[in-house]
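Undergrad: attaching a predicted model along with its sequence, questions to come.
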Amino acid sequence: MKTKHTPGPWKATTHGDVYKGLDLIASVYGGTSSQEIKANAKLIAAVPEMLGRLEFIVEYINTLDNPSVALQLVRAEAEESIKKATE
């Protein structure tokens with residue numbers, strides 16, 4: 001899938017910034033504590049990898065001849081999250 005965002009991996013710093021190499025992707029402000037700011041930055045930095053894993057899950061389920069109802073629900077949830085992140 002062709003994406004519009006900066007490809008990962010992204011790395012979070014201890015100051016709440018998120019980088020791709022030397023390029024700043026995001027700066028996290030606010031939160032109630034420095035720990036919360038760091039946690040938010042780490043979550044943002046993990047997004048490209050998480051998106052890739054969701055895409056893999058959808059692709060895998062699509063290879064199955066007759067996926068169970070549970071797997072169909074997993075696929076639908078993954079597709080919804082992918083759409084939210086990419087459109």
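TA: All right, it came through fine.
Undergrad: tell me the centre residue of this structure?
TA: In the chain, the centroid-proximal residue (Cα atoms, centre = their mean) is V47; its distance is 2.3 Å.
Undergrad: do you know how far that residue is from T14?
TA: Plainly put, V47 is 19 Å away from T14 if you go by Cβ to Cβ, to the nearest Å. Any C-beta I mention is one placed from the backbone N, CA and C, and that applies to glycine too.
Undergrad: C-terminal to the helix or strand harbouring Y60, what's the next element?
TA: Assigned by DSSP states H and E, Y60 falls within helix 34-63. The helix or strand immediately downstream of helix 34-63 is helix 69-86, counting by DSSP H and E.
Undergrad: got the CA positions of that following helix in PDB?
TA: What follows is helix 69-86, C-alpha atoms only, in PDB (Å, rounded to 0.1, in the frame of the first residue of the first chain):
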ATOM      1  CA  VAL A  69     -16.700 -15.100  11.800                       C
ATOM      2  CA  ALA A  70     -14.200 -14.100  14.500                       C
ATOM      3  CA  LEU A  71     -11.400 -13.600  11.800                       C
ATOM      4  CA  GLN A  72     -13.900 -11.600   9.700                       C
ATOM      5  CA  LEU A  73     -14.500  -9.300  12.600                       C
ATOM      6  CA  VAL A  74     -10.800  -8.900  13.200                       C
ATOM      7  CA  ARG A  75     -10.300  -8.100   9.500                       C
ATOM      8  CA  ALA A  76     -13.100  -5.500   9.600                       C
ATOM      9  CA  GLU A  77     -11.700  -3.800  12.800                       C
ATOM     10  CA  ALA A  78      -8.200  -3.800  11.200                       C
ATOM     11  CA  GLU A  79      -9.500  -2.300   8.000                       C
ATOM     12  CA  GLU A  80     -11.400   0.400   9.900                       C
ATOM     13  CA  SER A  81      -8.200   1.400  11.800                       C
ATOM     14  CA  ILE A  82      -6.200   1.400   8.600                       C
ATOM     15  CA  LYS A  83      -8.700   3.600   6.800                       C
ATOM     16  CA  LYS A  84      -8.800   6.000   9.800                       C
ATOM     17  CA  ALA A  85      -5.000   6.300   9.700                       C
ATOM     18  CA  THR A  86      -4.600   6.600   5.900                       C
END
